[in-house]
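Novice: generate a structure from the sequence data that follows.
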Amino acid sequence: MIGATNRPFDLDEAALRRMTKRIFIGLPDGEARSGQIQKLLKSVACNLSKQDFDRIVALSNGYSSADLAAVVKDAAMGPLRDLPPGKTVLTVKAEELRSIRL
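Specialist: Below you'll find the predicted structure:
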């Protein structure tokens, strides 16, 4: 049996006794968060300075990889939310969208 949880301290003792091998994978450190954010942002236009990027890495301390993916996905939707009235996702060109910013 393979299982995963982000709340290992809430597992029932009876369940834990049946899982003889446990591997704890901690939260990503700053370098890992930086790499993941860079990878997630490489396919979109972003206007982040080195200082902005360092600030995002610092502010995301304690985030899981899933949390980071959700934050970047939400940031990528920002330019779409800022479309002027009358423009739709189907009619706007990628070049017309603003880049992602802090």
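
Novice: model confidence for Lys87, exactly?
Specialist: Lys87 carries a pLDDT value of 81.

Novice: would you mind measuring from Lys21 to Val57?
Specialist: 33 Å (Cβ to Cβ, to the nearest Å). The C-beta positions use only the backbone N, C-alpha and C, and glycine is treated the same way.

Novice: mind listing the helices in the protein by residue range?
Specialist: 13-18, 30-41, 50-59, 65-81 (DSSP state H).

Novice: and these, which one averages the lowest pLDDT?
Specialist: helix 13-18 (a mean of 84).

Novice: of Lys21 and Val57, who's got more company?
Specialist: Val57 (21 against 4; other Cβ atoms under 10 Å).

Novice: hmm, Gly35 and that one touching each other?
Specialist: No. Between Val57 and Gly35 there is no contact under Cβ atoms under 8 Å: 9.8 Å.

Novice: what's the first-to-last distance across stretch 51-68?
Specialist: 18 Å (Cα to Cα, to the nearest Å).

Novice: which positions within it qualify as buried?
Specialist: Phe53, Ile56, Val57, Ser60, Tyr63, Leu68 (16 or more other Cβ atoms under 10 Å).

Novice: from the middle of its chain, how far away would that stretch be?
Specialist: Its chain's C-alpha centre and that of stretch 51-68 lie 8 Å apart, by Cα atoms, centre = their mean, to the nearest Å.

Novice: same check, this time on stretch 41-51
Specialist: Distance, centroid of stretch 41-51 to centroid of chain: 14 Å (Cα atoms, centre = their mean).

Novice: and Leu27, what's its pLDDT?
Specialist: So, for Leu27, pLDDT stands at 92.

Novice: pull the contacting residues for it.
Specialist: Gly62, Tyr63, Ser64 (Cβ atoms under 8 Å, 6 or more residues apart in numbering).

Novice: swap in 6 Å and give it another go.
Specialist: Ser64 (Cβ atoms under 6 Å, 6 or more residues apart in numbering).

Novice: quick one: Met4 from Leu48, how far?
Specialist: Check again: residue 4 is Ala, not Met. Ala4 is 31 Å from Leu48, by Cβ to Cβ.

Novice: likewise Leu102?
Specialist: In terms of Cβ to Cβ, Leu102 sits 6 Å off from Leu48.
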